[in-house]
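[1] Need a 3D model of the sequence below.
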Amino acid sequence: MDVVVKAVGLTRRFKMGNTLVDALRGVELTIARGEFVALMGPSGSGKSTVLNLLGGLDRPTSGEVWINGVELSDSDERTRTRYRREQVGFVFQTFNLLPRLTAEENVALPLMFSGVPLKERLARAKKLLERVGLGQRLTHRPTELSGGEQQRVAIARALVGEPALILADEPTGNLDTAIGREIMTLLRELNQEQGVTLLVVTHDPEVAAFADRVVGLRDGVVES
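    Predicted structure coming up:
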């Protein structure tokens, strides 16, 4: 099996006041290249903590995070920054688009930090926006787009750097049911067309049903 994600014995302990909280307790997770996995559990189960560790946004208290054969949790900050720029794309519940930029500029922005020339950045952004159904909305700013359209822009932005892994944190959380289903259908299509490896964090069984495999998490421990 061609493995993209391998988490080994992940623990994460936080200090809240004088209390130590074990957010993760020995999490094991393996995701194959091209696989679509849903990490499902109630609030407080540790889902977002796992996402932050896999995204290189945080370090585990103990355990290892391997992405594409590179051990991430023990890497220096420069390596982790390069990883976030080149290897992973994020899709958030709150879209996180820059309000003063157009849809095309928002999607192209990550490529600027990778040194891609402007003409190529805009061409790649345009192509992806057309793929997610927003070819007629290239020059619209976030306030001129619906919630579903903003999430499509965010998905295009996550894909523009051709990352090894897409991490989506409750991507339908701010959308109504019908629009949420459209977004999940789009993610499923992109996963199948482009072979992108996808991990979606959710508490919603309808969202999890789009995945190839569901991993349950409760109280910081993998259930299934």
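
[2] mind listing what the residue nearest the centre of the chain touches?
    The residue lying closest to the centre of the chain (C-alpha atoms, centre = their mean) is L167, at 1.7 Å. Contacts for L167 (C-beta atoms under 8 Å, 6 or more residues apart in numbering) come out as 51, 54-55, 88-91, 199, 201. Heads up, the C-betas are built off the backbone N, CA and C, glycines and all.

[3] Roughly how far does it sit from K47?
    Distance check for L167 against K47: by C-beta to C-beta, to the nearest Å, it reads 11 Å.

[4] Need the overlap of contacts for the two.
    V201.

[5] now the helices for the chain?
    Here the chain has its helices, by DSSP state H, at 47-54, 77-86, 103-112, 118-131, 147-159, 177-194, 205-208.

[6] Compare those helices and give me the one nearest T61.
    helix 47-54 (10.0 Å; C-beta to C-beta).

[7] what's the least confident stretch among the helices of the chain?
    Looking at those, the lowest mean pLDDT belongs to helix 77-86 (a mean of 88).

[8] outside of it, which residues touch it?
    Outside helix 77-86, the residues that touch it by C-beta under 8 Å, 6+ apart are 55-57, 67, 70, 72, 75, 110, 113-114, 161, 163.

[9] now, which of those residues lie within strands?
    Those of the contacts of helix 77-86 mapping onto strands are 67, 70, per DSSP state E.

[10] could you flag which of the contacts of helix 77-86 are buried?
    55-56, 67, 72, 75, 110, 161, 163 (16 or more other C-beta atoms under 10 Å).

[11] Farthest-apart pair in those, please.
    Farthest-apart pair in these is S75 and P110; separation 19.9 Å (C-beta to C-beta).

[12] Need the buried ones among the contacts of helix 77-86 in CSV (columns: distance to V5).
    Below are those laid out as CSV (distance: C-beta to C-beta, whole Å):
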residue, distance to V5
G55, 11
G56, 12
I67, 6
L72, 10
S75, 15
P110, 21
G161, 17
P163, 12
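
[13] Tell me the one among these nearest to L134.
    Using C-beta to C-beta, P110 comes nearest to L134 of the buried ones among the contacts of helix 77-86, at 17.1 Å.

[14] ok, and the closest non-adjacent residue to the closest one?
    G161 (5.3 Å; C-beta to C-beta, 6 or more residues apart in numbering).

[15] Now do the same contact list for the one you found.
    Residues near G161 by C-beta under 8 Å, 6+ apart: 85-86, 89, 110-111, 114.

[16] ok, it to E130 distance?
    In terms of C-beta to C-beta, G161 sits 18 Å off from E130.

[17] what does E105 give?
    16 Å.

[18] which one of those two has more residues nearby?
    E105 (18 against 13; other C-beta atoms under 10 Å).

[19] who touches R13 in this structure?
    Counted by C-beta under 8 Å, 6+ apart, R13 has contacts 20-23, 61.

[20] and the gap between it and P117?
    R13 is 45 Å from P117, by C-beta to C-beta.

[21] Please apply the same query to E105.
    E105 is 15 Å from P117, by C-beta to C-beta.

[22] ok, now E71?
    33 Å.

[23] neighbour-wise, which of those two wins?
    Taking other C-beta under 10 Å, E71 and P117 do not tie; E71 has more neighbours (13 against 10).

[24] Could you pull up the contacting residues of that one?
    E71 is in contact with 64-65, counting by C-beta under 8 Å, 6+ apart.
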